[in-house]
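1. okay, here's the prediction I keep looking at, along with the sequence it came from:
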Amino acid sequence: MFIITWQILFSTDYILMPVLALIWILLARTYRNINYRGKIFAKYFLPALIARFAGAILTGIMYQHYYGYGDTYYYFFGTKDIFNTLFNSPVAAYEMLFVDISDWNLTTHSHVTFRGIFGKPKEAMVIKICGFFSPLGLGTYIGTSFTITVFSFLGCWGIYRVFYDLYPHLHKRLAIVILFLPSLCFWGTGIMKDSLVIAGLGFYINGIYYGIIRKRKKILRSLFLIIVGILLMKSIKIYVLVSIIPATILWVFFMYKTRIKNPILEKIASPVFLVFGALGGYLIMQQLGSIYSQFTFEGFIEEAKKVQWWLKLSTERDGGSGYDLGELDPSPSGLLKIFPKAINVTLFRPYLWEAKKLILIPTVIESFLTLLFTIYVFFKTGVFRLLRILLRDPVILFCMTFSLIFAFCVGFTSFNFGALARYKIPCLPFYFIGLILILDKVNNKDNYSVGTDSKLKPESE
């Protein structure tokens, strides 16, 4: 099989675009009315989904008419192969969806446009998931893109529900940074790795909170969400899972610590939780490292080198906007030295003068606003009060631990501002949530406890 033209959007896509969008919106409206009628946060559900659909359309048009190529092309070609095979050869379709390429029958290979992409585990996982959902989009790019966008949105909605449950009085601000963040609405949509990883991250956090911390939902449901979330992150972008595990351990331990009513036991619990949390995190990472080499320090460095090599090559080839963190020393001490540089580049760069392409301007504006908001919160809070809040509030500690570890991982590996704009989106909502919660505590002079003990009432509609 051969590709006649590098094209993902056809006239069929533009015809089906409003029809499929309307169908999804009507389904979402029905779901909202059944599950969230009378809830203050229900008003964000449809606008947030519509914003994601707009982002999915814009990303498709961008890749088709601006870049003219990209990973989404390969993912869609593989997805289209699966969709076509579902009707022509169901047995081959089954193998393409559920069997490793090394175990395919010879006839199955004849149905594939690019065999190489199925030989890469991460890319193959994206294709298989999109191929599985492709009938809902009638095999078109925009239809499949909408389906994956809904899947990704449900992950974000799961995150929003967790933080709304903890801080209902902040529903507007939380909605802005979780549901309406521009970069998330743009890059977290469509047939891409990032959309599926965002979904996995949201399912995981929702399952952890309701299944372990609050124990409000059914255990089997929460366990299912946790497993699905872990599998998506592990299979597609394992560094997201590496970043969330230590943050989760701190979150769970310290949330249980806040429930201790005896002041003496509470003081004793802090160092105990820290020691056991660190030990537990180390043991978990060690066990995972014995199974998956990517979890080890050497595996992380090796994976980073591969990503760096490819992004540097593509940046030089395409004249992209790259950055350099200086000479890299692949040792623990060397990584520690480069830690603040990597975080800075993820959260606050590119600076205005570093945008070589017009398409980076939205990222520049978002990064600049992030820097301004960070400076404002820092000076409003002060160093010592900030540290005290971090150590006393497990939710803020969780958000900042995950966002900073993740920011380091992507800042250390990307070396390209275009790729960085997409790679960093999982950590941005949590970083902003952390800042919002810190500022809220300062404004209320720490007069309420974290999460479930909050006495503040929701804002008026």
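-> Now that the structure is in, tell me what you want to look at.
2. flag every buried residue along the strand or helix carrying Leu97.
-> Leu97 belongs to helix 90-98 when elements are defined using DSSP states H and E. Judged by neighbour count using 16 or more other C-beta atoms under 10 Å, the buried positions of helix 90-98 are Ala92, Ala93, Glu95, Met96. For the C-beta atoms, the positions are set from N, CA and C on the backbone; glycine is no exception.
3. cool, and stretch 344-364?
-> Neighbour counts using 16+ other C-beta under 10 Å place Val345, Thr346, Leu347, Phe348, Arg349, Pro350, Ala355, Leu360, Thr363, Val364 of stretch 344-364 among the buried residues.
4. before we move on, the earlier item: can you put the buried residues of helix 90-98 in a markdown table and add distance to Ala247 and pLDDT?
-> Rendered in a markdown table, the data for the buried residues of helix 90-98 read as follows (distance: C-beta to C-beta, whole Å; pLDDT from 0 to 100):
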| residue | distance to Ala247 | pLDDT |
| --- | --- | --- |
| Ala92 | 42 | 91 |
| Ala93 | 39 | 91 |
| Glu95 | 38 | 91 |
| Met96 | 36 | 92 |
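5. list just the nearest of those residues to Ile25.
-> Ranked by distance to Ile25 (C-beta to C-beta), these are led by Ala93 at 29.7 Å.
6. just name the closest of the buried residues of stretch 344-364 to Lys43, please.
-> Proximity to Lys43 was ranked across the buried residues of stretch 344-364 by C-beta to C-beta; first place goes to Thr363, at 28.7 Å.
7. not counting its neighbours along the chain, what's nearest the closest one?
-> By the measure of C-beta to C-beta, 6 or more residues apart in numbering, the closest residue to Thr363 outside its immediate chain neighbours is Ala421, 4.3 Å from it.
8. which residues sit in contact with that neighbour?
-> Applying C-beta atoms under 8 Å, 6 or more residues apart in numbering to Ala421 gives the contacts Ser183, Trp187, Leu360, Thr363.
9. just give me the least confident of those residues.
-> When those are sorted by pLDDT, the bottom entry is Leu360 at 81.
10. any stretches of the stretch 1-150 of the chain with poor pLDDT?
-> Using pLDDT under 70 as the threshold, the predicted model of the stretch 1-150 of the chain has low-confidence ranges 1-5.
11. so where do the helices sit in it?
-> Listed in chain order, the helices found in the stretch 1-150 of the chain under DSSP state H, counting those that start in this stretch are 11-35, 45-62, 71-88, 90-98, 106-109, 115-118, 121-133, 141-166.
12. and those helices, which is most packed in?
-> Of the helices of the stretch 1-150 of the chain, the one with the most neighbours on average (mean count of other C-beta atoms under 10 Å) is helix 141-166, at a mean of 24.
13. any idea which of the helices of the stretch 1-150 of the chain gets closest to Phe254?
-> If you check each of the helices of the stretch 1-150 of the chain against Phe254 by C-beta to C-beta, helix 141-166 wins as the nearest, at 13.3 Å.
14. now for that closest one, which elements pack on it?
-> helix 11-35, helix 45-62, helix 71-88, helix 121-133, helix 171-178, helix 193-208, helix 428-443 (3 or more C-beta pairs under 8 Å, 6 or more residues apart in numbering; DSSP states H and E).
15. tell me the angle of that helix relative to helix 71-88?
-> Orientation note: helix 141-166 sits at an angle of 110 degrees relative to helix 71-88 (axes from the mean of the first three to the mean of the last three C-alpha atoms, to 10 degrees).
16. distance from the strand or helix carrying the residue nearest to Thr363 to the middle of the chain?
-> Following DSSP H and E, one finds Ala421 within helix 417-423. Going by C-alpha atoms, centre = their mean, to the nearest Å, the spacing between the C-alpha centre of helix 417-423 and its chain's C-alpha centre is 13 Å.
17. for that helix, buried residues please.
-> Neighbour counts over helix 417-423 (16+ other C-beta under 10 Å) mark Phe417, Gly418, Ala419, Leu420, Ala421, Arg422, Tyr423 as buried.
18. then that helix to CSV, C-alphas only?
-> Once side chains and other backbone atoms are set aside, the C-alpha atoms of helix 417-423 remain, and they are given as CSV (Å, rounded to 0.1, in the frame of the first residue of the first chain):
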residue,chain,number,x,y,z
PHE,A,417,10.2,25.0,22.2
GLY,A,418,7.6,23.6,19.7
ALA,A,419,7.7,20.1,21.2
LEU,A,420,7.9,21.6,24.7
ALA,A,421,4.6,23.5,24.3
ARG,A,422,2.9,20.1,23.8
TYR,A,423,4.9,18.0,26.2
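19. mean confidence (pLDDT) on it, please.
-> Confidence over helix 417-423 (mean pLDDT, whole number) is 84.
20. from Arg422, how far off is Trp251?
-> According to C-beta to C-beta, to the nearest Å, Trp251 stands 26 Å off from Arg422.
21. for Gly202, same thing?
-> With the distance defined as C-beta to C-beta, Gly202 ends up 17 Å from Arg422.
22. still on that earlier bit, okay, the buried residues of helix 90-98 in a markdown table with distance to Thr147 next?
-> As requested, those are exported to a markdown table (distance: C-beta to C-beta, whole Å):
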| residue | distance to Thr147 |
| --- | --- |
| Ala92 | 22 |
| Ala93 | 17 |
| Glu95 | 22 |
| Met96 | 18 |
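23. could I get the helices of the stretch 1-150 of the chain as TSV with distance to Ile245?
-> Converted to TSV, those look like this (distance: least, C-beta to C-beta, whole Å):
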stretch	distance to Ile245
helix 11-35	30
helix 45-62	27
helix 71-88	26
helix 90-98	28
helix 106-109	36
helix 115-118	29
helix 121-133	19
helix 141-166	17
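24. wait, which of those helices is closest to Arg221?
-> Going by C-beta to C-beta, the one of the helices of the stretch 1-150 of the chain nearest Arg221 is helix 141-166, 11.4 Å.
25. circling back to that earlier point, to Lys380, which of the helices and strands packed on helix 141-166 lies closest?
-> Of the helices and strands packed on helix 141-166, nearest to Lys380 by C-beta to C-beta is helix 428-443, at 5.8 Å.
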